[in-house]
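Engineer: This is the structure alone, sequence omitted:
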């Protein structure tokens, strides 16, 4: 077999789409006698890479064909279709002459690093050359990073989903898309939960329909290839120029590093995504722009005047010097921010997201243990008024009735959160982030639709 990897053909302003280029390469190759295209693979790489266009996708074509011919045909299509008028577009092509699951360990590791790390062009060129692969690039050839990662992904990854993409007629590219929204919502409801992230009911958006000037009309994602096809085919729209099924790592959370407790984790590094355990150490605060921030600590908060949980052990020896990480739910995450605002100091959670500028940008979080009570100044049993401090270490006293109490008392908190996982809505979901509806999480889930 032959594996063709490609990346970096599109432009933020000028459009195009690497999935479309891969589809054209596959079509050109399949026109030859005795050539079989087994599958097209769409691989989402590290979403924190600053050189990415939109979704940071690389493509691989698994095909029964001569590698020299495949390289020649793919290069010809890339040269014709890539938006190289944009200086930030630097296409890359890598071709391997073996089965998709027969890649060297070094290429398999490269694929995982491309999803979780920041790699260089030199890294890709060295590994591709040492592996005996044909490779080529335009501009600085940065696309060879993604192209090589796409070749290694089939052997490196285990969790796969599907996307069925419908393309527009070329004459319509750059014009408003004509898609009947009601038919999208109806189709999405029929396909759910096997098909996900098609719409956002809370925001009333058709998430599957892009707003960029590229060739995609809509893309339907899910766990079953036949169901995504069915949903796509029932959407009413402008004429469809072509369709293609992709096997993909979208919706898998493979970008997350599981570092366990923040207390024992090494310092989070910008440009990586993490899953971290910790305790809420500051009350969530809404700042200018509607962004919500709080501090995550590596140990429970010390006993004091704040809240405490019914199950969370409060560490009376805590010094406040445990590792801390700022977490944020930014305005585009919409109603997810209300979930974050409902957190309290002392809640034990698992936080997931990318670290940028020293801040973890939340994609989802799990409530492990909720604070159920808070320490408050006691009220007078006679008049019902709040008592006042009687002086340092002298307890509290009602100035009107003379009643007293030695210390603060527990008051039950009404909580809007439950134990389990919460996520950003579909309109704010990253391509690679796993929707809760897919299942497999270590706790109850509260999916967004």
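Structural biologist: Yep, that arrived. A quick note: this is a predicted structure, and the numbers were derived from the prediction, not measured.
Engineer: Adjacent strands (with direction) for the biggest strand by length in the chain?
Structural biologist: Looking across the chain with DSSP state E, the single longest strand is strand 359-369. Taking DSSP bridges as the criterion, strand 359-369 forms sheet pairs with strand 324-329 (parallel), strand 348-356 (antiparallel), strand 420-423 (antiparallel).
Engineer: buried stuff in the second one?
Structural biologist: Translated: strand 348-356. 348, 349, 350, 351, 352, 353, 354, 355 (16 or more other Cβ atoms under 10 Å). Backbone N, C-alpha and C define where each C-beta goes, glycine included.
Engineer: same question, the last one
Structural biologist: Burial within strand 420-423, assessed by neighbour count using 16+ other Cβ under 10 Å, is assigned to 421, 422, 423.
Engineer: In a markdown table: these, plus distance to residue 441 and pLDDT.
Structural biologist: Formatted as a markdown table, those follow (distance: Cβ to Cβ, whole Å; pLDDT from 0 to 100):
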| residue | distance to residue 441 | pLDDT |
| --- | --- | --- |
| 421 | 5 | 98 |
| 422 | 11 | 98 |
| 423 | 10 | 98 |
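Engineer: Mind putting those residues into CSV with distance to residue 336?
Structural biologist: Output for the buried residues of strand 420-423, formatted as CSV (distance: Cβ to Cβ, whole Å):
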residue, distance to residue 336
421, 12
422, 7
423, 7
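Engineer: Check those residues against residue 68 and report the nearest one.
Structural biologist: Using Cβ to Cβ, residue 423 is the member of the buried residues of strand 420-423 that sits closest to residue 68, with 46.2 Å.
Engineer: Enumerate every residue touching that closest one.
Structural biologist: Residue 423 makes contact with 336, 363, 364, 429, 433, 435, 436, 446, 447, 448 under the criterion Cβ atoms under 8 Å, 6 or more residues apart in numbering.
Engineer: Which of the helices or strands spans residue 4?
Structural biologist: strand 2-7 (DSSP states H and E).
Engineer: That strand pairs with which strands, and in what direction?
Structural biologist: In the sheet, strand 2-7 lines up with strand 57-64 (antiparallel), strand 92-96 (antiparallel) (DSSP bridges).
Engineer: how far out from the middle of the chain is the helix or strand following it?
Structural biologist: Later in the chain than strand 2-7, the nearest helix or strand by DSSP H and E is helix 18-30. Distance, stretch centre to chain centre, for helix 18-30: 27 Å (Cα atoms, centre = their mean, to the nearest Å).
Engineer: Compute the inter-axis angle for the next helix or strand after helix 18-30 and strand 2-7.
Structural biologist: Counting by DSSP H and E, the next helix or strand C-terminal to helix 18-30 is strand 36-44. Strand 36-44 and strand 2-7 meet at an angle of 30 degrees, taking axes from the mean of the first three to the mean of the last three Cα atoms, to 10 degrees as the criterion.
Engineer: buried stuff in strand 36-44?
Structural biologist: Those buried within strand 36-44 under the rule 16+ other Cβ under 10 Å are 37, 40, 41, 42, 43, 44.
Engineer: Show the model's pLDDT score for the fifth one.
Structural biologist: So that's residue 43. Here, the pLDDT recorded for residue 43 equals 98.
Engineer: mind listing what it touches?
Structural biologist: If you count contacts by Cβ under 8 Å, 6+ apart, then residue 43 has 57, 58, 59, 60, 111, 115, 146, 149, 150, 153, 248, 249 around it.
Engineer: Leaving out chain neighbours, which residue sits closest to residue 56?
Structural biologist: With Cβ to Cβ, 6 or more residues apart in numbering as the criterion, residue 56 has its nearest non-adjacent residue at 4.7 Å, and that residue is residue 45.
Engineer: if I read this right, that neighbour contacts residue 55, doesn't it?
Structural biologist: No. Counting by Cβ atoms under 8 Å, residue 45 stays clear of residue 55, with 9.1 Å between them.
Engineer: Which one of those two is surrounded by more residues?
Structural biologist: residue 45 (27 against 18; other Cβ atoms under 10 Å).
Engineer: now what about stretch 139-146, what contacts it?
Structural biologist: So stretch 139-146 is in contact with 5-9, 43, 45, 51, 56-58, 84, 87, 89-94, 114, 119-121, 123-125, 128, 135-137, going by Cβ under 8 Å, 6+ apart.
Engineer: in it, what counts as buried?
Structural biologist: Result for stretch 139-146 [16+ other Cβ under 10 Å]: buried residues 139, 141, 142, 143, 144, 145, 146.
Engineer: now, which of those residues sits nearest residue 232?
Structural biologist: residue 146 (25.5 Å).
Engineer: Distance check, that closest one against residue 432.
Structural biologist: 13 Å (Cβ to Cβ, to the nearest Å).
Engineer: thought residue 112 was touching residue 156?
Structural biologist: Yes. Using Cβ under 8 Å, residue 112 is in contact with residue 156, at 5.1 Å.
Engineer: higher neighbour count, those two?
Structural biologist: residue 156 (23 against 16).
Engineer: Excluding chain neighbours, what is closest to the more buried one?
Structural biologist: In space, residue 156 is closest to residue 111, 4.1 Å off (Cβ to Cβ, 6+ apart).
Engineer: Give me the buried positions along the strand or helix carrying the one you found.
Structural biologist: Under the criterion of DSSP H and E, residue 111 resides in helix 105-116. Buried residues in helix 105-116, counting neighbours by 16+ other Cβ under 10 Å, are found at 107, 108, 110, 111, 112, 113, 114, 115, 116.
Engineer: Could you pull up the mean pLDDT of the helix or strand just after it?
Structural biologist: Once helix 105-116 ends, the next helix or strand along the chain (criterion: DSSP H and E) is helix 121-130. For helix 121-130, mean pLDDT rounds to 97.
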